[in-house]
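Chemist: When you get a sec, could you give me coordinates for this:
(chains A and B)
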Amino acid sequence: MSAAAAPADPAPAPPPPQQSFIGRAIALAAVPFIAVVGALVVGAVIIIASSLARGAFDLTLPLQAYANLLEGAFGSLRGIIFSIVSATPLILGGMAVGLGFKAGLFNIGAQGQFLMGALGSAAVGAWAAGESGIVAVPAAILAGAALGAAWGFIPGALKAWTGAHEVVTTIMLNFIAGALIGYLITGPLEAPGFSFSRTGPLGNAELPTFFGTGIHLGVLIAFGLVPAVWWVVWRSTLGFEIRTVGANPDAARYAGMRPAMLTILTLTLCGMLAGLAGAGQILGVSHFMNASYGTSIGFDSISIALLGRAHPVGITLAALLFGAMRAGSGLMQIEAGIPVEIIDVIQATILLFLAADLVIRRLLRLRAVRAQPEELQTVTKTYGGGASS
Amino acid sequence: MTDAARPAALEMRGITKRYPGVVANDHIDLDVRPGEIHALLGENGAGKSTLMNILYGLAEPDEGEIWLGDEPIEIHGPSDAIARGINMVHQHFMLVPVLTVAENILLGDEPMANPIFLDRGAAHAQIRDLGARFGFEVDPEAKVGSLSVGWQQRVEILKALYRSASILVLDEPTAVLTPQETREIFSVLRQLSREMGTSVIFISHKLNEVLDIADRITVIRRGRVVGTRTPSETNEEDLAELMVGRDVQLTVDRGESNPGDVMLDVTDVRVADDRGREVVHAVSFQVRSGEIFGIAGVAGNGQDELVEAITGLRKTTSGRVTLASRDITAASPRQLHGLGVGFVPADRQRFGLVLSFPLADNIVLNDYHAEPYARGFVRETVAIDARAEACVVEFDIRTPSIEVTAGTLSGGNQQKVVVAREFGRDLRLLVLDQPTRGLDVGSVEFIHSETIERRTDGAAVLLVSAELDEVLELSDRIGVMYRGEIVAVVDARQADKEEIGLLMATGGRVSPDATKSMTTETEQTS
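Modeler: Numbers count the residues shown, from 1 in each chain, chains lettered A, B, ... in the order given. Presented below is the predicted three-dimensional model:
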């Protein structure tokens, strides 16, 4: 070793203060927390305004509404189960978007991947309805996962081989998925004997439920995949590659990784997760798919991934929040007379606050969260002309 | 010369700035006299930039005051500073490449012919006048992106002059210049201070330059002023010791080289840049094991592309590269890594590190997939951390822990992470691209001695640097690269700095006066 290795006086430690686990968690959760609180405040203002329209100025109405919302979501076992079941597709969808963020990809295509997963499981489920459950259930689930994965592979391959930006291609694939479903379910896949166009009954392909409740196999799969995805991202070499490509594609190339292949693989995995979400909804909840199957789960997943800071645990919490709002909104409408659409307003406002996180941090002078979160950087830089790897 | 009796043009008193866990400026006093060139010398992270950011309004001090003449002032942003005649030329130029010279200079302070339209004619004339006064003919209508780095810097200085700066701060202005360009900028600065009475604050860590240009030198170490000297009462050794706080060996003991067999053989290699233009034209050279081959050249003459081609990051359009007779022309970075090729890239933040990752992950950035750092798909955190801890000790990386992200380390320590990763194994070829760019004396010394050690161990070393002194100091043989060609290869023992500087600037074909006019490099090569 040279003399420089033993300096006369060692330098003081450079700035970064060592944060405890709790400190880091608070720093991570600060902006999402403020976004939720801020959105509830905005929601309250709108509820008060709507009370004016009905001729009564009622300042306590928001409190009543939120109390009903909470009661509907968590006030009974039924409510809690409904909340969890509603959160299930959002967990998977949120991870489908969040995993993309880890690789620096903005997967707006969760919606299309979800729909294709739903279509695949509805079709294969109806076709295998007569088989025993041991065969029919896995076949239907795998079909959903595979079709979702295919819908993720396409934009991945287009990006890797032609440089086409995933934001553009996934949005286009969302439309293609919707149109394809309309055609197939009014055509080749339409089941006879119903008053409207839909897929056939699932029979034995329906997911088993547990404890005599609405908790179906898909719920267990979703919650089981949360630690699995965490492990892949943070503990496996594949996750290291994905995170490296996302954080610095040039360094990834330098380190001998293949960003193009990883882009394809990541979007395929994203599609698979979203496809599983679709499969769970069809096989476990709605039990069939009609031609005009409408959902916003794929788009809500984007909010969930951002709210959950692209971390599986954060995504689970965010999904439970959205699921609970969905579950409690019915009671709120009945008791407080507030239309369930207020939930959409609150969710949209949360997204607005998250996207405007710089504004929040400036307003509140949050020092702990000085830098823009990486997942939001992915959103803001992937305007379509962003650097393709 | 300066007049000590007159009040200081600028005085900073007791400036203190604390960041979490570190005092960047600890009661710093600095006085700059009218018309003085005052050098601020210190290692990276010593607090020079923080102090200047406070002066320029980019940071607010926790304590202390700033006096301009005999008036205390408060600076809350760059606009305050500019309004008071304080201007700064940043290390990374703040110029808009697609705008013209005039547009860049006027930006933010446009002369208006009427409320709607710029008075371009008057502006252009004014800029020409300004330039003429300092002996360089500027073309106000040239696009800044087409200018050489040296000229871009002149535009930055003109911008400050246009805003009638009374105090001009230059942050590491010579880092990107050839020796000739440096001399020219120095003469401009001298003219500025002597004839216009402008006070110049010159930030640098290059000792010889500081001694050459400054009237007084203030040395900062770890946030404190450790001394102020005039060039006549000090020398390089004294300054280096002040700066680092211990004895520093300014020149590496290169020892005798014992070149062995040819390790790297580059034959007629042609490489295109991202836009498909050929920027390396049929380059050939050989590097033997136990030998350091240096490539000197002004940045942007094809060195980056050549290095990327050799290290597998870029495809060659033709030609052949071999490593110990084995064809590696199309080898991937991972294959090369496996063959014992170490590579320190020019831009450590772009290629060499993932700044948002912990130090430990960066240490195994290209070994992460192999034993013992992974078994199958499973990362072995214990082995990774052990390796990182060992590197921190062996390569003297100053860090609070191996868990902090690489982005929080100082430039020198970031480079040590890269060096630890690339040097710390059996090597056949070591490719170093600008290995010490922007680093302090201590880190430079360390990296240089490590490089010599690898050569002694028998590795072939390819050193590319825009820092001519570094190439001269380390290399056994030197190739000069100019516009994509190696225009000369000389034995380092017979190398003459002036001659190589001239080759770097002109390729040995054009008359030396060529640097006096505004050459538009890219337009001529395209």
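Chemist: where's the closest residue in space to B:Leu10 that isn't next to it in sequence relative to B:Ser193, distance?
Modeler: With CB to CB, 6 or more residues apart in numbering or on different chains as the criterion, B:Leu10 has its nearest non-adjacent residue at 4.5 Å, and that residue is B:Val32. Placement of C-beta: from N, CA and C, glycine included. Using CB to CB, to the nearest Å, B:Val32 is found at 11 Å from B:Ser193.
Chemist: Surely B:Ile486 is within a strand?
Modeler: Yes - applying DSSP: H, G, I helix; E, B strand; the rest coil, one finds B:Ile486 inside a strand.
Chemist: Give me the neighbour count for it.
Modeler: Residues lying near B:Ile486 (other CB atoms under 10 Å in any protein chain shown) number 22.
Chemist: who touches the spatially closest residue to it that is not a sequence neighbour in this structure?
Modeler: Excluding the flanking residues, the one nearest B:Ile486 by CB to CB, 6+ apart is B:Gly479, at 4.5 Å. Contact analysis of B:Gly479 by CB atoms under 8 Å, 6 or more residues apart in numbering or on different chains lists B:Phe285, B:Phe293, B:Gly294, B:Ile295, B:Ala296, B:Ile486, B:Ala488, B:Val489.
Chemist: In a markdown table: those, plus pLDDT and secondary structure.
Modeler: As requested, the contacts of B:Gly479 are exported to a markdown table (pLDDT from 0 to 100; DSSP: H, G, I helix; E, B strand; the rest coil):
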| residue | pLDDT | secondary structure |
| --- | --- | --- |
| B:Phe285 | 95 | strand |
| B:Phe293 | 96 | strand |
| B:Gly294 | 95 | strand |
| B:Ile295 | 95 | strand |
| B:Ala296 | 92 | strand |
| B:Ile486 | 94 | strand |
| B:Ala488 | 91 | strand |
| B:Val489 | 93 | strand |
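Chemist: quick one: which of those residues is most hemmed in?
Modeler: Greatest neighbour count in these, by other CB under 10 Å, goes to B:Ala296: 32 neighbours.
Chemist: What does the pLDDT read for the closest residue to that one other than its chain neighbours?
Modeler: With CB to CB, 6+ apart as the criterion, B:Ala296 has its nearest non-adjacent residue at 4.4 Å, and that residue is B:Val471. B:Val471 carries a pLDDT value of 92.
Chemist: do A:Arg365 as well
Modeler: Looking at A:Arg365, its pLDDT is 61.
Chemist: And the one 3 residues further on, by the same measure?
Modeler: pLDDT recorded at A:Ala368 is 45.
Chemist: looking at the chain, which helix or strand is least sure?
Modeler: In the absence of a named chain, chain A is used. Ranked by mean pLDDT, DSSP states H and E, the helix or strand of chain A with the weakest confidence is helix A:357-364, at a mean of 68.
Chemist: Figure out the helix or strand that the residue of chain B found nearest chain A lives in.
Modeler: Going by CB to the nearest CB, chain A is nearest to B:Arg334 of chain B, at 3.1 Å. Assigned by DSSP states H and E, B:Arg334 belongs to helix B:333-338.
Chemist: can you pull the contacts of residue 220?
Modeler: Looking at chain A here, since you left the chain open. Contacts here follow CB under 8 Å, 6+ apart; on that basis A:Leu220 touches A:Phe210.
Chemist: please go with chain B instead
Modeler: Residues in contact with B:Ile220 (CB under 8 Å, 6+ apart) are B:Ile28, B:Leu40, B:Leu41, B:Gly42, B:Ala46, B:Gly47, B:Lys48, B:Leu51, B:Val226.
Chemist: And for B:Glu209?
Modeler: Listed by CB under 8 Å, 6+ apart, the contact set of B:Glu209 reads B:Thr174, B:Thr182, B:Phe186.
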